[in-house]
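A.B. asks: take this sequence and fold it.
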Amino acid sequence: MTRIVHLTDLHFGMERPELVAPLAQAITATAPDIVVVTGDLSHRARAPQFRAAMTFLQGLGVPVLATPGNHDIPLFNVVARMLGPFRGWRRNVGADLAPGATLDRVRILSANTADPFRWRRGILRQDDLRRIAASLEPGDGRINILACHHPLVEPPGFERGETRGGTAALPSLIRSGVHVVLSGHLHHWTIGLGIAQDRPQPLMLVQTGTALCGRAGETDHGFCVLDLAGPDLAITAWLADATTGHFVAQAPRRFHRDNGAWHLGG
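C.D. replies: Below you'll find the predicted structure:
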């Protein structure tokens, strides 16, 4: 079995400090093989915020794969955003904006969807689609996961056109052999968007809520754990308890992959 923690939207610089230690403890307790972080490590792309995020992630003691979000590029410094939008990320997080990893029978790819020209909204670039297609071998028995900050499909109530080219790219991603897409950005939870008992889907879309953002009105802080064993996938949301501040595992949602699609249950 391969265990992946999906973590997103930490927003160091506007984090909830009382949740930082409990979050680290909960993630460590799940004993993941890797932590995948889909952006917004920082709140305003400032070096101390990136450093705080990396101190937190490196303290988990497991491999971390991270790709930028829109908050990881400058907002108010337009010159910096146009001329060197990812300079802070490269200096403090890593040179690779779209890293990958392979664990047993699971392959993880990422795409940098942050767009300096539209700051909040994102873009899935054609170069990334070509790179993803060239990296995968459909039918090789692996489960292929794509991690990106912006959702490729928005859940009901969030139809804002957040990711240019996202929905249009779905057929290409499916043909390339992508099976799971992890994203953040909306600070909203949606696990298995579109999959129902009588409606299997070729793509498992996992939208995880914010881990730590302390803006007014933020709720359901947490992360999710993906357990993959062959064609079986269990996804468990861990949510912060409003009373204790501890992160508590919710009932897992279980899926099974058969005949090119994810089915509910298994």
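A.B. asks: can you pull out the helices in the stretch 51-200 of the chain?
C.D. replies: Under the criterion DSSP state H, counting those that start in this stretch, the stretch 51-200 of the chain contains helices at 78-83, 87-92, 126-135, 170-176.
A.B. asks: now stretch 208-227: buried residues?
C.D. replies: Taking 16 or more other C-beta atoms under 10 Å as the neighbour-count basis, stretch 208-227 is seen to contain the buried residues 208-214, 218, 221-227. No exception for glycine: its C-beta is placed from N, CA and C like everyone else's.
A.B. asks: with stretch 115-126 instead?
C.D. replies: By neighbour count with 16+ other C-beta under 10 Å, stretch 115-126 contains the buried residues 115, 116, 119, 121, 122, 123, 124, 125.
A.B. asks: widest-spaced pair of the buried residues of stretch 208-227?
C.D. replies: Taking C-beta to C-beta, the two most distant members of the buried residues of stretch 208-227 are 214 and 227; they sit 29.6 Å apart.
A.B. asks: tabulate the helices of the stretch 51-200 of the chain (TSV), appending distance to residue 257.
C.D. replies: Supplementary listing: the helices of the stretch 51-200 of the chain in TSV, determined by distance: least, C-beta to C-beta, whole Å:
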stretch	distance to residue 257
helix 78-83	40
helix 87-92	34
helix 126-135	19
helix 170-176	13
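A.B. asks: nearest to residue 186, of those?
C.D. replies: With C-beta to C-beta as the yardstick, what comes closest out of the helices of the stretch 51-200 of the chain is helix 170-176 (17.6 Å).
A.B. asks: helices and strands around the closest one, which ones?
C.D. replies: Contacting helix 170-176 under the criterion 3 or more C-beta pairs under 8 Å, 6 or more residues apart in numbering; DSSP states H and E are the following elements: helix 126-135.
A.B. asks: that older thread, which of the buried residues of stretch 115-126 sits closest to residue 158?
C.D. replies: Using C-beta to C-beta as the measure, the one of the buried residues of stretch 115-126 that approaches residue 158 most closely is residue 121, at 12.2 Å.
A.B. asks: just checking, the closest one touches residue 154?
C.D. replies: No: judged on C-beta atoms under 8 Å, residue 121 makes no contact with residue 154 at a distance of 11.1 Å.
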